[in-house]
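Engineer: based on what follows, work out the 3D shape:
(chains A, B and C)
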Amino acid sequence: MPSPRYWLMKSEPDECSIDDLARAPGQQVPWTGVRNYQARNFMRDAMRIGDGVLFYHSSCPEPGIAGIAEVASTAYPDATQFDPGSPYHDPKSSPEAPRWVHVDVKLVRKTRLLPLKEMRATPALATMQVLRPGNRLSITPVTPEEWRAVLSLLESA
DNA sequence: GCCAACGTTGGC
DNA sequence: GCCAACGTTGGC
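Structural biologist: Numbers count the residues shown, from 1 in each chain, chains lettered A, B, ... in the order given. Predicted coordinates:
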């Protein structure tokens, strides 16, 4: 089974919106703060440079896909875990044995907002993991079929 | 603010 | 290894 080539990554726009990504140096940000093992393992074990990313706004007035990005680095230790002043500090982690790693994510292009509501109303997207009831995983694999369906929706008005 | 879903923790 | 308690996520 080959690694997935496409992903959906959730970001709270209060923390990092698609516009924040567009303004970042090199239009690229380190995807810090992931503190879930499954999401970490996706970044550490499965992501490859160039993988496609659906940039999703969560926990906000208009949740949905806000742009296209790509994986821009392999995984490396998350500096925030060692910072006692950070909300992402993990006292059980150490630089010798870092627990949390992340990749860098780079903007490809901002798109129109594809609202969660529209995603739910689209039969071709019904299989998407992010639409499963109770899904909380911040990084989920996307199939090539789902990726194509999202892109064609984004191109429509 | 509510609450369902679900991951993590820790006692046993 | 079980499982209850607890914390977090995230849409509404």
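Engineer: what helices and strands are in contact with the longest helix anywhere in chain A?
Structural biologist: The longest helix of chain A (DSSP state H) is helix A:144-155. On a contact count with 3 or more C-beta pairs under 8 Å, 6 or more residues apart in numbering; DSSP states H and E, helix A:144-155 meets strand A:6-11, strand A:52-57, strand A:64-71, strand A:104-115. Bear in mind the C-beta positions are built from the backbone N, C-alpha and C, glycine included.
Engineer: tell me the strands beside the helix or strand that comes right after the third one, with direction?
Structural biologist: In other words, strand A:64-71. Beyond strand A:64-71 in the direction of the C-terminus, DSSP states H and E gives the next helix or strand as strand A:76-77. Partners of strand A:76-77 in the sheet, by DSSP bridges, are strand A:101-102 (antiparallel).
Engineer: quick check: residues of chain A near DNA strand C?
Structural biologist: With C-beta under 7 Å from any atom of the strand as the criterion, chain A meets DNA strand C at residues A:10, A:12, A:35, A:58-60, A:63, A:116-117, A:120, A:135-138.
Engineer: tell me which residues touch A:Pro84, please.
Structural biologist: A:Pro84 sits next to A:Pro91 when contact means C-beta atoms under 8 Å, 6 or more residues apart in numbering.
Engineer: among the residues of chain A next to DNA strand C, which one sits closest to A:Ser73?
Structural biologist: Using C-beta to C-beta, A:Ser138 comes nearest to A:Ser73 of the residues of chain A next to DNA strand C, at 17.8 Å.
Engineer: what does chain A have sitting close to DNA strand B?
Structural biologist: Proximity of chain A to DNA strand B (C-beta under 7 Å from any atom of the strand) is limited to residues A:Asn36, A:Tyr37, A:Gln38, A:Arg132, A:Pro133, A:Gly134, A:Asn135, A:Arg136, A:Leu137.
Engineer: you'd agree the first one is up against A:Ser138?
Structural biologist: Translated: A:Asn36. Yes: shown here, A:Asn36 and A:Ser138 form a contact pair, counting by C-beta atoms under 8 Å, at 6.5 Å.
Engineer: nice, that's everything, thank you.
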